[in-house]
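Undergrad: Coordinates only, no sequence provided:
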């Protein structure tokens with residue numbers, strides 16, 4: 001079984017990928033850990049405050065989704081490892097919506113447990129206080145910059161969810177297995193800091209994500225939720 005290397009090594013690989021995709025100064029893109037970061041500081045993005053990712057607006061998006069058969073993924077079981085050199089290189093996920101199997105969770109995160117990731121392990125993404133596991137955060141920030149160069153603005157409505165936040169979501173939205181939108185608390189990929197909900201109300205954003213998200217390691221993971229994207233660099 002492969003094991004994830006030091007976070008610094010992963011960030012170095014992601015930095016090289018960002019340079020290849022959209023060259024820019026290291027000073028403008030370097031991500032830094034914020035030891036004092038607290039999830040208590042998370043506040044809604046004021047621009048996206050009126051956006052409800054669970055609203056009826058997505059009925060049209062679901063109906064308009066292209067009829068594409070899922071492609072095969074790289075591997076069915078990566079053993080929780082992120083292999084070197086796969087982010088942004090293959091496009092295997094383009095046209096595939098769902099069907100990715102269990103999340104390959106990095107060993108470092110498994111040690112903490114779903115929804116119980118310490119703030120110091122997460123990294124802010126620069127949007128409304130939201131945070132992700134550091135490699136995912138760096139990849140998302142690179143995607144935001146690349147999309148901006150194409151005239152598209154990427155925003156999130158949700159990222160990491162603590163266990164308590166997962167419980168609250170199920171109470172409000174119901175369990176996915178029962179027709180709702182929440183995973184069983186303690187099993188959500190948001191609880192690993194490896195999933196985000198994007199504001200894809202603008203068709204241009206949805207189109208950009210489906211065309212380009214794989215370049216940054218993100219895949220459209222849930223057929224019923226076109227806003228839900230997961231950081232799966234070994235499958236993108």
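TA: Nice, I can see it. Keep in mind the model is a prediction, meaning the values are calculated, not measured. Numbers count the residues shown, from 1 in each chain.

Undergrad: Next, residue 170: secondary structure please.
TA: helix (DSSP: H, G, I helix; E, B strand; the rest coil).

Undergrad: What is the neighbour count of it?
TA: 19 (other C-beta atoms under 10 Å). For every residue, glycine as well, the C-beta is placed using N, CA and C.

Undergrad: Okay, and the beta partners of the nearest residue to it once chain neighbours are set aside?
TA: In space, and not counting its chain neighbours, residue 170 is closest to residue 182: 3.8 Å by C-beta to C-beta, 6 or more residues apart in numbering. Bridge pairing for residue 182 (DSSP bridges) gives the partners residue 175.

Undergrad: Residue 236 versus residue 182, what's the distance?
TA: Counting by C-beta to C-beta, to the nearest Å, the separation of residue 182 from residue 236 is 25 Å.

Undergrad: And these two? Which one has more around it.
TA: Taking other C-beta under 10 Å, residue 182 and residue 236 do not tie; residue 236 has more neighbours (27 against 24).

Undergrad: Number of residues surrounding the spatially closest residue to residue 116 that is not a sequence neighbour?
TA: Leaving out its chain neighbours, the residue that sits closest to residue 116 by C-beta to C-beta, 6+ apart is residue 163, at 6.1 Å. Residues near residue 163, counting by other C-beta under 10 Å, number 16.

Undergrad: again, but for residue 111
TA: If we define neighbours as other C-beta under 10 Å, then residue 111 has 10 of them.
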